[in-house]
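Colleague: coords please:
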Amino acid sequence: MKKFNIRKVLDGLTASSSSASAHPGPNQNDVIQETLQSEHFQLCKTVRHGFPYQPSSMAFDPVQKILAIGTQSGAVRLFGRAGVECYCQHESGAAVIQLQFLVNEGALVSALADDSVHLWNLRQKQPAILHTLKFNRERITFCHLPFQSKWLYIGSEKGNIHIVNVESFTLSGYVIMWNKAIELSSKTHPGPVVHISDNPMDEGKILIGFECGTVVLWDLKSKKADYRYNYDEAIHSVAWHHEGKQFTCSHSDGTLTTWNVRVPTKPVITITPHGKQPKDGKKPEPCKPILKVEYKTTRAGDAFMVMSGGLSYDTCCRRACLTVMHGKSTAVLEMDYPIVDFLTLCETPYPNDFQEPYAVVVLLEKDLVVIDLGQIGYPIFENPYPLSIHESPVTCVEYFADCPPELIPALYSVGSRQKRQGYSKKEWPISGGNWGQGTLSYPEIIITGHADGSIKFWDASAIMLQVLYKLKTAKVFERSLKGAKEEKQNTEIVDEDPFAIQSLSWCPESRMLCVAGVSAHVIVYRFSKLEITTEVVQLLEVRMQCELNDVDSPDPADHPPTPSTPAAHSSASPSQERDPFETQQSTTDEGPRDNVPCLKVRSSPLKQSPGYQVDLVVQLVWVSGEPPQQITSLAVNSSYGLVAFGNSNGLAVVDYLQKTLLLNMGLSELYSPSEPYQRQPRSPRKTRQPSGALSDNDGNNAAEEKSNKSPTSARMSRKISSSTEQKTDQEERVQRKRQPLKKKCLSSVKEDNETRRTQFHLFTHPVPDLNAKDSFSRSRSSSVTSIERESREAVSSIHFMESFPRKTDSSASPSLWVGSTQGTLLMLALSLPPTGDQRLQEPVGVSPCGTLVRLKGGILTMAFLDSLGVIVPPLYEPWSEPNAPDEEKEKARRRRPASPAPTQEGQDSQYAVVCSEKQAKVLGLPSQSHCFKHNITESSFVLRADVVQMTAGLCLACFCANGHIMTLSLPSLRPLLDVNYLPLTDMRIARTFCFSNLGQALYLVSPTEIQRITYSQETCNNLQEMMGELFTPVETPEAPNRGFFKGLFGGGAQSLDREDLFGEIAAGKASRSLAQHIPGPQSMEGMKGAASGVVGDLARARIALDERGQKLGELEDRTAAMLASADSFSRHAHDMMLKYKDKKWYQL
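Modeller: Reported below is the predicted structural model:
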């Protein structure tokens, strides 16, 4: 007899009640073969786009032509030619205070605010740290690496200078102490080292600048100061003349002093470029500090002096400026943001030659500008990098992979007309690196919505990013005048950015675009290649109100809502609509606002350029002094010609072809009377606010904390915002002119109206939720703890689909599926007229069909599969030119595809995949049987979920608030991937995270940067090939010719063997307690053996062989030429010998 084991029974129960469970359904897995396995998934970062957030330093390699930018968060962004970018991150996260390239060596030195110095290897596609030197007793203030030198000078806060060998990253025993550099008679400390540079003509002399205003010319060989230059004002920067006889200092009082090296007593020239010169010969008025100055010479003309700062204190309100002084002319170039740093780009990397400057790279706080010095007026270069993502703050992001191939050229053709003029005609000077060779490429488009109402379309194919087209939605509305502040406070529901984009719905195939704004407005756009002028913008004003009588605690001060009149509140005629509202508004200044939209639609003709052109504007209006609730979900379908949107007040369906409102109902009215999931009504709050969003507090901007307390914080809420209050009153919905149409649309719910209204008066106290254990109230705080338990329901997801909204349906029909924040999935059947003229004349029917399923948490997404497990996309109308003649329109119009074949008795022909914040379910249609269920998370909640198409099949991708990224197979919901990728430390990530097909995803990692990631094993394997190369073998330009007389009399540059001075034999060993050497993960014996493992050795050997082969080829050519010359000489000598062989000497 087999022994009974209770432990095995418990284990079996645990396994059966695990996260994934299956319910028996008809033909569940007999036909559907799942091909996706866990080995198809791997998570990794691909590329980061946008402007480096909070930049702090910059460096440029003049030979490789690569730009590096360091940030306050320890990041380093490297830029080459357009499309060649790289992102690196220091583990400590300390600010990068300075960057230095090893010119043409494929290496970069970074100095951080935590007193560490790092050496990066750039000879591989993903740079890595080779060595780290961490200083323990001194703070790093300045670094200098001479051209073609392996010894790095490091100045400290104590005023000392230490020397580091960049090959071994070890300290030299040679130290320049501050007390030996300054005069012995000085009684004060000179302050930190703010500048170090070597004399361009004598490598044995270095110039040391101290903050107090003292500059010292130090002789490295004799280990003493040759000259000391003293000035009363603090020094910010020093610049050499290329001949090494003069240098210029910038000071804190806005003056520039030019010194002769051999005359330390006083400066040769002292000027205040922006100071007012008094007539009595007194000292000019002090100005703001000149933070940096560069002095560059030209062979053919006057020198350039470029500086930042130094403006007069009278111009304190002016923007930051860069001053370019060339000869007698002075140009002041205003910048949009404060200047962080600038660099002058020159033709030669040698400091002892004429520099020949041709451009200035200016790093601003939020932009990168390159100025052309070679053209009159100093125009800027057109920036090829996608650095304008943050031009206006990003409020929403959508990602579309594997788009129709003709879409990107169409967007580019209309976007190319929007480019600004006046750029420099020269090529972009930062042109280093090579593009990747990856073959894995398909059309990808990123759409960003912004706070100013603009929408940008980006080409994101092949891990690159390029702006295609920009749409300005604010053009549809009238701008508020500054004098009309009182009116603004009464009608607008947000204090700032009333045109901000909240969400959007885009159909790539039909090119239909629907946009929802923060001011409770929806705009429908069509794509056209022709320019038109719209005389009157089509407007539809909707009154969404579902009131609950507050019997619990009545307030006599509250104004009862006024019932809507039969006037056409949803009429498309603006002239008939706005006049009554304006009259009512002027006569009810003392009372509550009613029937007033938040924004005023433009009344004058609107010229619309090729691209997206407005077709219809839908606005929610104020109701009895209450502002309209912001829109929480949005969907458009080009095949049906419908737009659906919802908020905490309910659901609205609009026919944008007929410009009419089809449905305007509260969610509770969509439940059937016998619905098991029907929610009981509750008393509303007296103080109503627009739907809230998770706060976004970066800690850096105090204004954001204030905005979180205002309705503005709701403008960027996605599907993560908590559910808002429920209001249900059938009589307050919008009345349309077409009364028969209204009766047809709402006939299915009218019979239950009186019953529900009676129920509303019965409950004097809030009724407890019977399904409380299945509900989930999300937190608005970053600690992911519930702080609000109120049961308020709003629309969270909308989906158009050709499906089975009823159990009795034998064939698929047009339908609308609505998910709520309480986890309920509602179904509505759509009755569409035939296409053609009938579609424009006959009404569309909408009838609620009850609920399908209830899930834990708010519903985030839904999708539909056929009987073979293939995703069924929503129907769409192929794009055709909307402004074409009627004959062409008729030819281009196609009928809607036929519905799928009728289902056989007892079999399901579709599967509905529904995902909420807590779980996912798969249901068979039309039987509505539960096939599979998976509890995604218990302790957290899902922020974003999408059904995505991978190369090998379908999966459900989820991103949770605890940072986990998961994928589940379809339809069985087997876990395939679960990676703890990114803890939710910033609500910006929650708002902007989105998945796309083929294993792609992205999120806004900072206010200015987009981070793209992939969870596809195929993409990860091809990532190295797709990435560009930063380092390319380039010959260093030849050193300048010294000339005969300079070589003869010693007037040229003096070289120095630094190894004899700084090496261990001459200088000894440095103190071990001063700094700690930390080998990097990629470190080897020196920088040249630094690339990773055998691959790095082979790459280095290949480069060396290429260089050696090139030199051998040149040697072979020279040898062949010498052989040919010798052969020619031998032949001529032989002929000469034969000619004079038999002749006597006197016969010659």
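Colleague: pLDDT below threshold where in the stretch 1001-1148 of the chain?
Modeller: 1042-1055, 1082-1111, 1113, 1143-1148 (pLDDT under 70).
Colleague: could you pull out the helices for it?
Modeller: Along the stretch 1001-1148 of the chain, counting by DSSP state H, counting those that start in this stretch, helices occupy 1017-1026, 1044-1049, 1058-1062, 1064-1067, 1093-1139.
Colleague: show me the contacts for Lys288.
Modeller: 254, 309-313 (C-beta atoms under 8 Å, 6 or more residues apart in numbering). Using the backbone N, CA and C atoms, a C-beta is placed for each residue, glycine as well.
Colleague: Show me just the buried residues among the residues you listed.
Modeller: Buried residues within the contacts of Lys288, counting neighbours by 16 or more other C-beta atoms under 10 Å: 254, 309-312.
Colleague: need those residues in TSV with secondary structure and pLDDT, can you?
Modeller: TSV is the format used below for these (DSSP: H, G, I helix; E, B strand; the rest coil; pLDDT from 0 to 100):
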residue	secondary structure	pLDDT
Gly254	coil	93
Gly309	strand	92
Gly310	coil	91
Leu311	coil	90
Ser312	strand	88
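Colleague: farthest pair in these?
Modeller: Gly309 and Ser312 (11.1 Å; C-beta to C-beta).
Colleague: shared neighbours of these two, which are they?
Modeller: 254, 288.
Colleague: How is Phe247 assigned, secondary-structure-wise?
Modeller: strand (DSSP: H, G, I helix; E, B strand; the rest coil).
Colleague: If we ignore the residues flanking it in sequence, what's nearest it?
Modeller: With sequence-adjacent residues excluded and distances taken as C-beta to C-beta, 6 or more residues apart in numbering, Phe247 is closest to Trp240, at 4.9 Å.
Colleague: Pretty sure that neighbour sits against Tyr295.
Modeller: Yes - using C-beta atoms under 8 Å, Trp240 is in contact with Tyr295, at 7.0 Å.
Colleague: shared neighbours of those two, anything?
Modeller: Shared contacts of Trp240 and Tyr295, defined by C-beta under 8 Å, 6+ apart, comprise Phe247.
Colleague: so what does the helix or strand hosting Ile965 touch, helix or strand wise?
Modeller: Secondary structure from DSSP states H and E places Ile965 in strand 964-969. Helices and strands touching strand 964-969, by 3 or more C-beta pairs under 8 Å, 6 or more residues apart in numbering; DSSP states H and E, are strand 954-960, strand 975-980.
Colleague: Flag every buried residue along the shortest one.
Modeller: Applying a neighbour-count criterion of 16+ other C-beta under 10 Å, the buried positions in strand 975-980 are 976-978.
Colleague: One more: stretch 603-611?
Modeller: Those would be 606, 608, 610-611, for stretch 603-611 by 16+ other C-beta under 10 Å.
Colleague: Stretch 193-206 too?
Modeller: Buried-residue list, stretch 193-206, by 16+ other C-beta under 10 Å: 193-206.
Colleague: any chance of the buried residues of stretch 603-611 in a markdown table, plus secondary structure, pLDDT and distance to Gln538?
Modeller: What follows is the buried residues of stretch 603-611, written out as a markdown table (DSSP: H, G, I helix; E, B strand; the rest coil; pLDDT from 0 to 100; distance: C-beta to C-beta, whole Å):
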| residue | secondary structure | pLDDT | distance to Gln538 |
| --- | --- | --- | --- |
| Leu606 | strand | 93 | 11 |
| Gln608 | strand | 94 | 13 |
| Pro610 | coil | 95 | 20 |
| Gly611 | strand | 96 | 18 |
